[in-house]
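J.: Just the structure for this:
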Amino acid sequence: MKKINILGIPFVDTTKKEFVSHVLTLATSNKEPISIVTANPEIVMLTKENAQYEQYVQRSTYVVADGIGVVIGSKILGTPLRERIPGYELVHAFMKNADVNKNRFFFYGGKPGVAEAAAKKAIALYPHINIVGTADGYGDRDAVATQAASLKPDFIFIATGAPKQEEWIANHRHQFEHCVLMGVGGSLDVLSGNVRRAPQLFIKLNLEWFYRLITQPTRIKRMMKIPLFLLKVLQSK
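T.: Here you go, the predicted structure:
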C-alpha cells in the first residue's frame, strides 16, 4: 500500500474500507503476523521523544492516521492522506467481518473487568463472533502473551495505551501466526460502555478531540501535543 511519511512515520494512504479489505485478505494468505499502529499526533510526538518507541512504530506492518491532526499535517506537507481511519471504527469493522467468518478474537487491556465487559458487548452486537479470551492491563505482560498465543486468535486488540501496547506487540508478535495485532488505546473502554464516544456530529466535524477535552478536562496536557505536532510538521517542510 502507498505510504506517506510524516515526521519519519510511514502512514498508509488509504480509506477505511480499502484498508480493512486489504488486511483481511493478507491475514488469511500470510503466515506472518500483521501489526497495526493507530497513530494520532500524541503518538507521533512520543516517537520524537523515545527512539526505541519510534522503532516499534516504524517496524509495524501498518500505521494508520487515527487523528484529524495527522490528516491536517499531511495536507500541510502537500501529501494529503485520503482520510482519517479511527482505531475504534477499525475494531468494529474487523468484528463485523468476523461475525460472518467466525474469526477468533482476544481482548487485552483496561482496568479489571473492562475487557470482559467489552467482550460481552461485542457478542451482543455480533452474535457469531468468537472471543477466545480476555485479560486486563494489570497482569504480567509476558504471561498474557503466552496465554493469548495458546488460544490461536486471528485478532488481538491491545488496549494498554502508548507506548506499552506497541512495545508489547513488538516483543511478542513472533509468538503468533495468521494474526492481526492492533493497538487500540481506549477502544475497549468505549466498547464496554465505561466511556462514551463523541456524538456523531462531533465525529463528522472532526471535533472528536474537542469532545474528549470538554468531557475529560484532565486530557488537556495530552491535547497540547496537537499544536506542537503541527508546529513540528511546519518546521519540517
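
J.: from here on, contacts and neighbour counts on C-alpha atoms
T.: Will do.

J.: Now do the strands in the protein.
T.: Along the chain, counting by DSSP state E, strands occupy 3-6, 9-12, 34-39, 62-65, 104-109, 130-135, 155-159, 180-183.

J.: from the chain's centre, how far out does the second one sit?
T.: So that's strand 9-12. Relative to the centre of its chain, strand 9-12 is centred 14 Å away, using C-alpha atoms, centre = their mean, to the nearest Å.

J.: Of the strands of the chain, which is nearest V190?
T.: Proximity to V190, assessed across those by C-alpha to C-alpha, is greatest for strand 155-159 (10.9 Å).

J.: Now that closest one - C-alpha only, CSV.
T.: Output of strand 155-159 as CSV, limited to C-alpha atoms (Å, rounded to 0.1, in the frame of the first residue of the first chain):
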residue,chain,number,x,y,z
PHE,A,155,-7.1,-10.8,16.0
ILE,A,156,-5.8,-9.3,19.2
PHE,A,157,-6.9,-5.8,20.3
ILE,A,158,-4.3,-4.4,22.8
ALA,A,159,-5.7,-1.5,24.9
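
J.: what about G78, distance to K232?
T.: 15 Å (C-alpha to C-alpha, to the nearest Å).

J.: Which helix or strand in this structure has the lowest average pLDDT?
T.: The weakest-scoring helix or strand in the chain, judged by mean pLDDT, DSSP states H and E, is helix 220-223 (a mean of 78).

J.: related to what we said a few turns ago, the more surrounded of G78 and K232?
T.: Using other C-alpha atoms under 10 Å, the more surrounded residue of G78 and K232 is K232, with 14 against 10.
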